[in-house]
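A.B. asks: make a model of this:
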Amino acid sequence: MKHYLIIALIICISACKNDTQTTILDNTPDNESVISQLKITPIEHATMVLEYNGKTIYVDPTGGKEAFEGFPKADYVLITDIHSDHMHLKTLEGLSLNNAQIIAPEAVYELLPKDFRKHTNAMINGSKVDYDVFSVEAIPMYNLRDEALKYHPKGRGNGYVLTFGKERVYISGDTEDISEMRELKNIDKAFICMNLPYTMTVENAAKAVLDFKPKQVYPYHYRGTEGYSDIEKFKSIINENSKAIEVTELNWYPNISKK
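C.D. replies: This next block holds a predicted model:
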């Protein structure tokens, strides 16, 4: 009888260990899946909430304070660029950010009110900072095409690599398929933009991903002036050329029909 109790106890302990994983949440309940300790919730376009080990990060918060109802207050705010779909001052002012650390490019820092500057870390391309439960590296983001250079000059904005434990997460910001992206190493999750005329084509985004080979890639920021980028085409290019890269689609545009 004691042997059966010991076996049952071992099974119970094993099950409890498996329950330590949390979920990646799309804002559609049907798209929930258990993958790691990092919880990702897309809000819209480039805006998302990351939760890890009791800390909450708002990435490019837009949409007003109501977009963040139901989420814990931000411990960190990550901003990639000065454009309003990344730095939205009205949203920032509506949120309770007095105790939050803001991480942003110098160009964003210069546009923030003085009260926000007091708790903003202005990072330049290539810099790295360690925080309590993660580290952040500022990665260049810029345009390559002559006709698009006016949108994102090199050195103004930041993409970021966030390291949570052993997991490395790349957030591209607004960029084309630059060499700094293609040379990234050991990326577990990559959020890759693709919209014209501001960033890059689906084809170039796919080619860059195939170069640096993240384990998972999340197409995001794919609404342009002519509508939405063809995410299925992006996925098919990746799937045809690599079995090692998983394309994960989240609902970045919950309130707008893509048709």
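
A.B. asks: low pLDDT regions in the chain?
C.D. replies: Confidence mapping of the chain against pLDDT under 70 gives the ranges 1-36, 256-259.

A.B. asks: and residue 112, how far is that from residue 150?
C.D. replies: 23 Å (CB to CB, to the nearest Å). The C-beta positions use only the backbone N, C-alpha and C, and glycine is treated the same way.

A.B. asks: please disregard the earlier target; I meant residue 89.
C.D. replies: Distance check for residue 89 against residue 150: by CB to CB, it reads 22 Å.

A.B. asks: can you pull the contacts of the residue nearest the centre of the chain?
C.D. replies: Centre of the chain computed as the mean C-alpha position; nearest residue by CA atoms, centre = their mean is residue 171, 4.4 Å away. Applying CB atoms under 8 Å, 6 or more residues apart in numbering to residue 171 gives the contacts 59, 78, 80, 159, 160, 161, 162, 191.

A.B. asks: picking up where we left off before, mind checking which of residue 89 and residue 150 has more residues around it?
C.D. replies: Neighbour count, other CB atoms under 10 Å: between residue 89 and residue 150, residue 89 has more, with 12 against 9.

A.B. asks: which residues does the more buried one contact?
C.D. replies: Here residue 89 is in contact with 111, 112, 113 (criterion: CB under 8 Å, 6+ apart).

A.B. asks: of the residues you listed, buried ones?
C.D. replies: residue 112 (16 or more other CB atoms under 10 Å).

A.B. asks: let's have the contacts of residue 171 in a markdown table, adding neighbour count, secondary structure and distance to residue 254.
C.D. replies: Below are the contacts of residue 171 laid out as a markdown table (neighbours: other CB atoms under 10 Å; DSSP: H, G, I helix; E, B strand; the rest coil; distance: CB to CB, whole Å):
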| residue | neighbour count | secondary structure | distance to residue 254 |
| --- | --- | --- | --- |
| 59 | 26 | strand | 17 |
| 78 | 24 | strand | 21 |
| 80 | 30 | coil | 21 |
| 159 | 27 | strand | 24 |
| 160 | 21 | strand | 24 |
| 161 | 19 | strand | 27 |
| 162 | 23 | strand | 24 |
| 191 | 26 | strand | 17 |
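
A.B. asks: the stretch 51-200 of the chain: strands as residue ranges?
C.D. replies: Remark: strands assigned in the stretch 51-200 of the chain by DSSP state E, counting those that start in this stretch are 55-59, 76-78, 101-105, 120-123, 128-130, 135-141, 157-164, 167-171, 189-192.

A.B. asks: mind listing residues that contact the helix or strand encompassing residue 234?
C.D. replies: Secondary structure from DSSP states H and E places residue 234 in helix 231-241. Residues outside helix 231-241 that contact it (CB under 8 Å, 6+ apart): 194, 202-203, 205-206, 209-210, 217, 219, 222, 245, 247, 249.

A.B. asks: tabulate the residues you listed (JSON lines), appending neighbour count.
C.D. replies: Formatted as JSON lines, the contacts of helix 231-241 follow (neighbours: other CB atoms under 10 Å):
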{"residue": "194", "neighbour count": "29"}
{"residue": "202", "neighbour count": "22"}
{"residue": "203", "neighbour count": "14"}
{"residue": "205", "neighbour count": "27"}
{"residue": "206", "neighbour count": "28"}
{"residue": "209", "neighbour count": "25"}
{"residue": "210", "neighbour count": "16"}
{"residue": "217", "neighbour count": "27"}
{"residue": "219", "neighbour count": "26"}
{"residue": "222", "neighbour count": "24"}
{"residue": "245", "neighbour count": "18"}
{"residue": "247", "neighbour count": "20"}
{"residue": "249", "neighbour count": "14"}
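
A.B. asks: can I get these in TSV with secondary structure?
C.D. replies: As requested, those are exported to TSV (DSSP: H, G, I helix; E, B strand; the rest coil):
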residue	secondary structure
194	coil
202	helix
203	helix
205	helix
206	helix
209	helix
210	helix
217	strand
219	strand
222	coil
245	coil
247	strand
249	coil
